[in-house]
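J.: Kindly generate the corresponding structure for this input.
(2 chains)
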There are 2 protein chains.
Amino acid sequence: MGGGRVIVVGAGFSGLACALALAEAGAEPLVLEARDRVGGRTLSRPLPGGGWLDLGAQWIGPTQDRMYALVAAYGLETFPSPAVGAPTRLLDGRPATGEPAGLAGLLDTLDELAAGVDPVAPWRATGAAEWDRMTLGGWLDATAGDPVTARYAGRLLAGGLLAASPDEVSLLQMLFYLRSGGGAGSLLGMAGGAQQDRIVGGPAALAQRMADALPPGRLRLGAPVEAIAQDAAGVRVRAGDEVHAGDAVVVALAPALAGRVRYDPPLPALRDGLTQRMPMGAALKVHARYPTPFWRADGRSGVATTDTGPLTETVDNSLPGLPGGVLTGFSYGAQARALRRLPDAARRAALCDALVALFGPAAAEPAELIEYDWSADPWTRGCFCGLLTPGSWCDYGPELRAPVGRVHWAGTETATRWSGYLEGAVTAGERAAAEVLD
Amino acid sequence: MGGGRVIVVGAGFSGLACALALAEAGAEPLVLEARDRVGGRTLSRPLPGGGWLDLGAQWIGPTQDRMYALVAAYGLETFPSPAVGAPTRLLDGRPATGEPAGLAGLLDTLDELAAGVDPVAPWRATGAAEWDRMTLGGWLDATAGDPVTARYAGRLLAGGLLAASPDEVSLLQMLFYLRSGGGAGSLLGMAGGAQQDRIVGGPAALAQRMADALPPGRLRLGAPVEAIAQDAAGVRVRAGDEVHAGDAVVVALAPALAGRVRYDPPLPALRDGLTQRMPMGAALKVHARYPTPFWRADGRSGVATTDTGPLTETVDNSLPGLPGGVLTGFSYGAQARALRRLPDAARRAALCDALVALFGPAAAEPAELIEYDWSADPWTRGCFCGLLTPGSWCDYGPELRAPVGRVHWAGTETATRWSGYLEGAVTAGERAAAEVLD
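T.: All right, here's what the predicted structure looks like:
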């Protein structure tokens, strides 16, 4: 088998899965991670009464086979998202029992269009050029037939799936993502969908076990990679004062961050152009911790969606068997950026107001409000993932996975199934490992 | 006056103008330039029979007062772009004597909309949110009334002014640029417009004289800045093995490149987000050198525009009083990227074919075809300038010039008048110098 010495940049799920696959095949991976921890866009925070909060990615669901396999292989367990009670929905500021008119048909139409998009090469779709040049927001305005439905769908899809505003993503980016994740039902669903299960201890616990399974000495923390040089003899990767030599390198970073590494020779123009055109999404995930899951007494599930206000959706993130309740809210794109412009106290007040609008006065004063700003984290700079800007999929998409000499690309953005998810991160890392071993 | 020691990152026109203004006020600038030359996006190449080619920016025009003043101050001269003969125009593949139907009205409409955009704060315009979410291409399709006019206008405006495709820029980005440059007539014109004059020796000669005017020892070439740290005591700027201390730093790079420097403490989320959302334009500028300016014998000016094929426009770049003729062609956005995907021979054949379509068989075999790929240049990575992606002006625009502690931002992208031009580079550098001196 062999495969030589391979430098892996980044110890998120993609880099870890890549390194494990390389080690298993007899190669010698060395993982360089900028932070003092592994796990990338996953991070757990212990709760005072026991349990934990997932500050980043948290769910897995059906067809994410590698993630379930890893959970089992590393001796962890999953538990289902709570599914008792009725969802809360505010439309145009008023409680609504059903979805807005025409939403189901709109999602069907998107799924039908997405069926024509091969996630391996979205730019080859018959309508690719046209879909790439229009924003999802523009398409919804023209198609939804009702402004409330358009706004609700835009927040649900661009927000809930891409952590963006409908105005900053193309229809083609949306269709790629829908297709990559098995369709709107699969992506949006709790039970039976991408939000079905959580991992005991959080995905961060799994990342730690994956890191622990690497052969000794194969992981350096606190080693931010600054430069990658390659020539006929191999690669040299500089992190701080150390230079590591190898036969190949796998960059398991989002493209926006991969573009900040200095390459010698410089990357080809189009590959570099890709990294200029794939900004990270902007999500604000906030956990409100309460003495009890009070919403359940009202017969509510804690799952809420709304087309107005700073929060687009909430879920019940309370842990089974532990005291207390947790409502987790999500704000996306323009709303998340507007929140970030507020001083701390004003932002926290706005978040509590939004929870009160959904769940009543009992939501007004959580025992604690916990945020983590992935956009401010210099080793992530946004979440959920990188998104190609309107007009860019057709011209730059082919560069996403194309190796540049000895430099290979991993990261969930390069996945063709479940791109943007933990599952995509893992399969992309394993794909890059196979590429190097070839 | 004083102002202390100020590190200026980048010796393009913006960095040089900034450093000169600082020195004049009694501060101590130190300019760090990654390349072994000054001038940024300007570059001259000598011609065998005398004279030169401008491989990058080349024109100045009325109201670009600082540029004319610098030319005079540094003992250089300008000469007018040639203005003899008739323009060549291909519409839908056929020669046309006039502009496409409705073009003038379309430009008027854009200028009227642009009048409502304050280039200091485009996000405050009444229609800003709406204009930011739609692409120029989408607006033209809906407004032009004729597909040929829409395509021609899209190439002329998104291409000729922004070096992009109409599908990848927002209407708001276009309106900002139109307003910043004094309107469509001012921006598109030769005599009386932005393409009126050239500089003897090229702008690169002016940049060299500006650099020579810096106090001794105030410029380091071959010093690519990798990291900028700041605290209460000052700034420390690392370039290779050297660390330079100062009281403040002015980053005179395009935002996409400024985002590749490592900052300590890390930049605020929204400022970093800006650098993720302002990719460089994509232009291919090609000079075809011929024994004579043969097109003049046909009564043609050498200025050509077309709505089809890889080249959007050409000009006569022959030098007065020197033998030989030069046709300079421009390809933008998707067309430029498609050309870049071709092998060298195929690309050069496609370029010659495009010149033949415009100027006949005499254009088929230039003595030399000279390209310079700014997108492949690691210290530029595209041209003419950085452009905010659709949906980004409203949320990220306010970060363009806002200093972050001791870190200030220059570069033509930060200009409010003639943004994207040499004039904007100079005034932005001088504005940043004033900011630091304050």
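J.: Distance from the strand or helix carrying A:Ser14 to the middle of the chain?
T.: If you go by DSSP states H and E, A:Ser14 is part of helix A:13-24. Averaged C-alpha coordinates place helix A:13-24 at 19 Å from its chain's average position (C-alpha atoms, centre = their mean, to the nearest Å).
J.: same check, this time on stretch A:170-184
T.: Using C-alpha atoms, centre = their mean, the offset of stretch A:170-184 from its chain centre is 14 Å.
J.: can you check stretch A:63-75 too?
T.: Mean C-alpha position of stretch A:63-75 versus that of the full chain (C-alpha atoms, centre = their mean) differs by 18 Å.
J.: Repeat that for stretch A:124-134.
T.: Going by C-alpha atoms, centre = their mean, where stretch A:124-134 is centred and where its chain is centred differ by 24 Å.
J.: Contacts for that stretch next, please.
T.: A:113, A:116-118, A:122-123, A:170-173, A:175, A:390-394, B:135, B:137-138, B:166-168 (C-beta atoms under 8 Å, 6 or more residues apart in numbering or on different chains). (C-beta placed from N, C-alpha, C; glycine too.)
J.: Tell me who's in contact with A:Ala415.
T.: So A:Ala415 contacts A:180, A:421, A:423-425, A:427-428, A:431 (C-beta under 8 Å, 6+ apart).
J.: Excluding sequence neighbours, find me the nearest residue to it.
T.: Spatially, and ignoring its direct neighbours in sequence, A:Ala415 is nearest to A:Gly424 (3.1 Å; C-beta to C-beta, 6 or more residues apart in numbering or on different chains).
J.: ditto for A:Trp418
T.: The nearest residue in space to A:Trp418 (C-beta to C-beta, 6+ apart) is A:Gly424, at 4.2 Å.
J.: wouldn't the one you found be in contact with A:Glu430 here?
T.: No. The pair A:Gly424 / A:Glu430 is not scored as a contact, 10.8 Å apart, by C-beta atoms under 8 Å.
J.: quick one: which of the two has more around it?
T.: A:Gly424 (26 against 18; other C-beta atoms under 10 Å in any protein chain shown).
J.: Looks to me like the more buried one is in a strand.
T.: No. Counting by DSSP: H, G, I helix; E, B strand; the rest coil, A:Gly424 is not found in a strand; it is helix.
J.: residues in contact with it?
T.: A:Gly424 neighbours (C-beta under 8 Å, 6+ apart): A:180, A:412-413, A:415, A:417-418.
J.: change it to 7 Å
T.: A:412, A:415, A:417-418 (C-beta atoms under 7 Å, 6 or more residues apart in numbering or on different chains).
J.: need the residues of chain A near chain B, please.
T.: A:132-135, A:137-138, A:165, A:167-168, A:226, A:256, A:259-260, A:266, A:268-270, A:272-273, A:276-277, A:279-280, A:282, A:334, A:337, A:340, A:373, A:375-376, A:378, A:381-382, A:389-392, A:395 (C-beta under 7 Å from any C-beta of the partner chain).
J.: So what does A:Arg340 have for phi and psi?
T.: Phi and psi for A:Arg340, reported as degrees, to the nearest 10, are phi -70, psi -20.
J.: From A:Pro166, how far off is it?
T.: Separation of A:Arg340 from A:Pro166 (C-beta to C-beta, to the nearest Å): 19 Å.
J.: cool, A:Pro310 as well?
T.: Counting by C-beta to C-beta, the gap from A:Pro310 to A:Pro166 is 16 Å.
J.: Which one's more surrounded, the two?
T.: Under the criterion of other C-beta under 10 Å, the comparison of A:Pro310 against A:Pro166 puts A:Pro166 first, with 29 against 23.
J.: A:Asp141 is in contact with that one, correct?
T.: No. At 8.8 Å, A:Pro166 does not count as touching A:Asp141 under the criterion of C-beta atoms under 7 Å.
J.: Tell me where the model's unsure across the stretch 301-438 of chain A.
T.: Scanning the stretch 301-438 of chain A for pLDDT under 70 picks out nothing.
J.: List the contacts of stretch A:49-62.
T.: Residues outside stretch A:49-62 that contact it (C-beta under 7 Å, 6+ apart): A:41-47, A:67-68, A:78, A:192-199, A:201-203, A:285, A:287, A:319, A:322-324, A:326, A:370, A:372, A:374, A:383, A:422-423.
J.: ok now it, how far from the chain's centre?
T.: That offset, for stretch A:49-62, works out to 13 Å (C-alpha atoms, centre = their mean).
J.: got the phi/psi numbers for A:Ala297?
T.: phi -60, psi -30.
J.: A:Gly127 versus the closest residue to chain B within the stretch 301-438 of chain A, what's the distance?
T.: Nearest to chain B, among the residues of the stretch 301-438 of chain A, is A:Gly391, at 3.2 Å (C-beta to the nearest C-beta). Applying C-beta to C-beta, the value for A:Gly391 to A:Gly127 is 14 Å.
J.: just A:Tyr332 next, same as before
T.: The spacing between A:Tyr332 and A:Gly127, counted by C-beta to C-beta, is 26 Å.
J.: Name the residue in those two with the higher neighbour count.
T.: Under the neighbour definition other C-beta under 10 Å, A:Tyr332 and A:Gly127 were set side by side, and A:Tyr332 has more, 29 against 13.
J.: where does the residue nearest the centre of chain A land in three-state SS?
T.: Most central in chain A under C-alpha atoms, centre = their mean is A:Phe384, positioned 3.0 Å from the mean C-alpha point. Assigned with three-state DSSP, A:Phe384 falls in the coil class.
J.: quick one, strands of the stretch 51-200 of chain A?
T.: A:52-54, A:59-60, A:78-80, A:86-91, A:94-95, A:197-199 (DSSP state E, counting those that start in this stretch).
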